[in-house]
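1. Here is a sequence together with a model predicted from it:
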Amino acid sequence: MTAQTLADAARAAGSTRLEASVTLLLIGTVGLLLLLAVIAKVLDLRLKRDGEVIAVKGVISEALGGDPELFGLPLTATVRVPLWRGAPVTIRVFGEVPSREIKQAALRRVKRTATAELSVRARIKSRIGVAPSASSRLLRITRWG
């Protein structure tokens, strides 16, 4: 009887170890699947945000190019849309203008366009430099080509 009891105990211990490793394998597999689902969701969200970046940049560029006072000036906008909703879109405007008044007009135009045409909050950062020589450079470009 003792030999049979020892054999039963050994079989039970072997099956317990097997169940533990199967359980551990299942937990690992479920964890890996959850991680893949989270990565897929973040990548999908990033893809949507990239589309929003292109749309916002197009709206701002059209506003800057459509203003007769700003037409021809080397102004460029970059847009950063945060990954999570609720945080404001960051719009940076780069370039050089010949006077402080034109710089203010460009910023007003971007702010007005952002509030009127965008359905999200926007934070506008100016990287516009004022260089009086920019007007003579612009004049040269428009005369010669």
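-> Structure received.
2. can you map out the strands along this protein?
-> Secondary structure of the chain (DSSP state E): strands located at 75-80, 89-97, 122-130.
3. okay, those in a markdown table with mean pLDDT next?
-> Written out in a markdown table, the entries for the strands of the chain read as follows (pLDDT from 0 to 100):
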| stretch | mean pLDDT |
| --- | --- |
| strand 75-80 | 90 |
| strand 89-97 | 90 |
| strand 122-130 | 89 |
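4. Now distance to Val22 and mean neighbour count too, for those strands, in JSON lines please.
-> Yep, even glycine has a C-beta here, placed from its N, CA and C like the rest. As requested, those are arranged in JSON lines below (distance: least, C-beta to C-beta, whole Å; neighbours: other C-beta atoms under 10 Å):
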{"stretch": "strand 75-80", "distance to Val22": "47", "mean neighbour count": "18"}
{"stretch": "strand 89-97", "distance to Val22": "49", "mean neighbour count": "19"}
{"stretch": "strand 122-130", "distance to Val22": "53", "mean neighbour count": "15"}
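5. Now distance to Lys48 too, for those strands, in JSON lines please.
-> As requested, the strands of the chain are exported to JSON lines (distance: least, C-beta to C-beta, whole Å):
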{"stretch": "strand 75-80", "distance to Lys48": "14"}
{"stretch": "strand 89-97", "distance to Lys48": "13"}
{"stretch": "strand 122-130", "distance to Lys48": "18"}
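6. in stretch 107-121, what's buried?
-> Applying a neighbour-count criterion of 16 or more other C-beta atoms under 10 Å, one finds 109-110, 113-114, 118 buried in stretch 107-121.
7. still on that earlier bit, and the strands of the chain: which comes nearest Val42?
-> Closest to Val42 of those, according to C-beta to C-beta: strand 75-80, at 16.8 Å.
8. The closest one pairs with which strands, parallel or anti?
-> Sheet neighbours of strand 75-80, with direction, are listed as strand 89-97 (antiparallel) (DSSP bridges).
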